[in-house]
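S.K.: Sequence and predicted structure below; questions after.
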Amino acid sequence: MNGELQRQAILEALRRAREGLDTNQLAARVDLHPNTIRWHLGVLTDAGLVQAVPQRRHGRGRPSIVHRLTAEGTARGRDEYRLLATMLTDVVAADGNGEARAYEAGVRWGRHLQQGNPGASVADLLDQEGFAAEQHGDTVEMRRCPFYALAESSPQVICTLHQGIIDGALEEAGSGETVERLDPFVEPGLCIAHLSRAAQPVP
């Protein structure tokens, strides 16, 4: 199960528990390690979908922390979000500096993903996010685009965002590599990122 599916499972478990669930309860319900649950909860909290709420104990001791859906989390998955994503992509595409903004946003997200899983390769990180990615030498093949419909209509935004994600993860990992170019839709459903290593300065 990739990262996106794991987060969907967490959201569904919280949707069924009105009083909220703590980390261990969530781990038991979705069959994941508590540390993995904590990582995904951080992503979902940053996205505004989940909030942590202290729950008072009946006896002594600190209140326990449970997690509940926010209003945005409750509405997650409805078609309105696809419409909103399309409208926001159109806004960025119309901005004269839109590609640079998309790239910068991607770099920030790539760093965030790498920080959450420091030992993972860039292909592993992309795979966890639903890209079905594999690395072969200096190329990263992505056989599934989570935003295929948006990428078809606005590749200058979505593909640039994806390039930023890869560059951000590589930079955070200290690999010394960057994306030399990203070839979208080489085949139906296949995009290829070509990596290159920055030249070392002559001493």
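M.R.: Happy to help now that I have it.

S.K.: Low-confidence regions, this structure specifically.
M.R.: Counting by pLDDT under 70, the chain contains low-confidence ranges at 1, 56-62, 75-84, 198-203.

S.K.: Show me the residue sitting in the middle of it in space.
M.R.: Glu129 (5.4 Å; CA atoms, centre = their mean).

S.K.: quick one, phi psi at the spatially closest residue to that residue that is not a sequence neighbour?
M.R.: Distances taken as CB to CB, 6 or more residues apart in numbering place Gly3 nearest to Glu129, at 5.4 Å, with adjacent residues excluded. (Glycine included, C-beta is placed from N, CA and C.) The phi/psi pair for Gly3 (degrees, to the nearest 10) reads phi -60, psi -40.

S.K.: number of nearby residues for Asn117?
M.R.: Using other CB atoms under 10 Å, Asn117 is surrounded by 15 other residues.

S.K.: Wait, it touches Leu125, no?
M.R.: Yes: between Asn117 and Leu125 there is a contact under CB atoms under 8 Å: 6.4 Å.

S.K.: so what does the lengthiest strand in the chain touch, helix or strand wise?
M.R.: In terms of residue count, the longest strand belonging to the chain (DSSP state E) is strand 177-187. Counting contacts by 3 or more CB pairs under 8 Å, 6 or more residues apart in numbering; DSSP states H and E, strand 177-187 is packed against helix 155-173, strand 190-197.

S.K.: Within the sheet, what are the partner strands of that strand, with directions?
M.R.: Using DSSP bridges, the strands paired with strand 177-187 in its sheet are strand 190-197 (antiparallel).

S.K.: Residues contacting the strand it pairs with, please?
M.R.: 138-143, 145, 159, 162-163, 166, 170, 176-186 (CB atoms under 8 Å, 6 or more residues apart in numbering).

S.K.: one more time with 7 Å, if that's ok
M.R.: The contact list for strand 190-197 (CB atoms under 7 Å, 6 or more residues apart in numbering) reads 138-143, 145, 163, 166, 176-186.
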